[in-house]
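> Sequence plus predicted model, see below.
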Amino acid sequence: MDNQFLSQEEIDALLRGGPVPSEAERSNSEITNRESSNSEVILTEEEKDALGEAGNISMGSAATSLSQLVGRKVIITSPRVEVKNEKEFFSGFQEPYMVIEVEFTEGLSGKNVLIIKENEVGVIASLMMGGDGTHSGEITELEQSAAQEAMNQMIASSATSLSEIFKRKINISPPRSKMINSRVNETYEPFGGQEVVVIYFNMQIEDLVDTDIMQVMEPKTAKEVAQMLLAKIYGSPEPETVVTAEEVIGGEKKENIEKKFQKKETEEQLVLPADEKLELILDIPLKVEVVLGRTRRPIKEILSFGPGAIIDLDRLVDEDVEVLVNGTLVAKGEIVVVGENFGVKINQILSPKERLSKI
């Protein structure tokens, strides 16, 4: 009670027959409501959808890079966008994790952080060093270096993919990496304790890994990416014009009103039709590879390779070669000569629908 007057909360409590909330309880309630209100307006649902679409495409490229490094099929899908309190988010980790942090230096502003948990770091490091992906115990310095290289490649591929989507140059600073040991309450707050936008992705590496990796950025960076994608899909909307006091006195200008409604209309539209989603990615270049054969050899044998060495592959002479797009098998065929170059004659191919689902 304050100055002999009952607050609305106290009146409600008396009508319900419950206890009157204390000053501390009312204060905590106000803070909670204020935080909830702030979280709700950081990103609209349309912007979250747009951010998820951009993340889906850019992380698809990152998955291809990781697949080439570890020699296994990697799938990164199902983005989920959430707004979190930074301190609560990072303090929620129960096991150590690795972070790769970059700054956007051109094309976008702000910071981008990629997070992978300790077990997945060990699996990736094992595969990169020629192992079978098994891991136990703490991450060694050598394993940490190997996993850092993989994550560097992933975040660089993601930035390159964003450049392709938005048709603009996007550069990042040299990545900075670190292992955070949450078991000893080591803290990590790269954004200064503010609200952050977290994009969760499901990552699968064959039967070895099925987990979430996380991309964290500031709300202004997330909003920037979302608005750039919206502009690409629906055309570049004009920015909302700020109305000055002088304009209000004389009556608001017609073009200002029209610009406001155009922006509002754009924000309400983002449920992406399937055809428009496909149209969005048609210009993105994909890597096409032809695989003559494969084999696995121990490191000591590889180190002994020299001119004249012969490597046996797992493919017969008359067997079709594989045609891969972004690391995914889409066709099989035979080697032919086209002028002065080698080529591939396609003999077997998946249906368009099946091919698209695998890319």
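All right, it came through fine. Numbers count the residues shown, from 1 in each chain.
> what about Glu45, neighbour count?
Number of residues near Glu45 (other C-beta atoms under 10 Å) recorded here: 12. (C-beta placed from N, C-alpha, C; glycine too.)
> what's it sitting at in phi/psi?
phi -60, psi -40 (degrees, to the nearest 10).
> quick one, what contacts it?
If you count contacts by C-beta atoms under 8 Å, 6 or more residues apart in numbering, Glu45 has none.
> What's the separation between Gly131 and Arg72?
For Gly131, the distance to Arg72 (C-beta to C-beta, to the nearest Å) stands at 11 Å.
> More neighbours: these two, which one.
Per other C-beta under 10 Å, whichever of Gly131 and Arg72 has more neighbours is Arg72, with 19 against 13.
> Where does that one fall, secondary structure wise?
Of the helices and strands defined by DSSP states H and E, none includes Arg72.
> now it: how far from Glu195?
Using C-beta to C-beta, Arg72 is found at 36 Å from Glu195.
> can you check Phe342 too?
Phe342 is 54 Å from Glu195, where distance means C-beta to C-beta.
> same check, this time on Phe89
From Phe89 to Glu195 the distance is 10 Å (C-beta to C-beta).
> For those two, work out which one has more neighbours and name it.
Phe89 (20 against 17).
> Next up, the contacts around that one.
Counting by C-beta under 8 Å, 6+ apart, Phe89 touches Val196, Val198, Val216.
> Show me where the stretch 1-150 of the chain has its helices.
For the stretch 1-150 of the chain, the helices defined by DSSP state H, counting those that start in this stretch occupy 8-16, 23-42, 45-70, 86-91, 118-128, 141-166.
> what is the orientation angle of the third one with helix 118-128?
Same thing as helix 45-70. For helix 45-70 against helix 118-128, the angle by axes from the mean of the first three to the mean of the last three C-alpha atoms, to 10 degrees is 40 degrees.
> Rounded mean pLDDT for helix 45-70, please.
For helix 45-70, the mean pLDDT works out to 89.
> list the buried ones in it?
Neighbour counts over helix 45-70 (16 or more other C-beta atoms under 10 Å) mark 46-70 as buried.
> In the protein, where is pLDDT below threshold?
Scanning the chain for pLDDT under 70 picks out the ranges 1-41, 235-283, 351-359.
> And the strands in it?
Using DSSP state E, the strands of the chain run over residues 74-85, 97-106, 111-117, 171-172, 176-180, 195-205, 209-217, 288-291, 321-325, 328-338, 341-349.
> For Leu142, which of these is the nearest?
Leu142 lies closest to strand 176-180 among those, at 12.9 Å (C-beta to C-beta).
> what does that closest one rub up against?
Under the contact criterion C-beta under 8 Å, 6+ apart, strand 176-180 has outside partners 90, 93, 96-102, 118, 121, 139, 144, 148, 151-152, 186, 188.
> Mind checking which of those are buried?
So, by 16+ other C-beta under 10 Å, the buried ones in the contacts of strand 176-180 are 90, 93, 96-102, 118, 121, 139, 144, 148, 151-152, 188.
> returning to what we had before: which ChimeraX command selects the buried ones in the contacts of Phe89?
Listed next is the ChimeraX selection for buried residues among the contacts of Phe89, using 16+ other C-beta under 10 Å:
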select :196,198,216
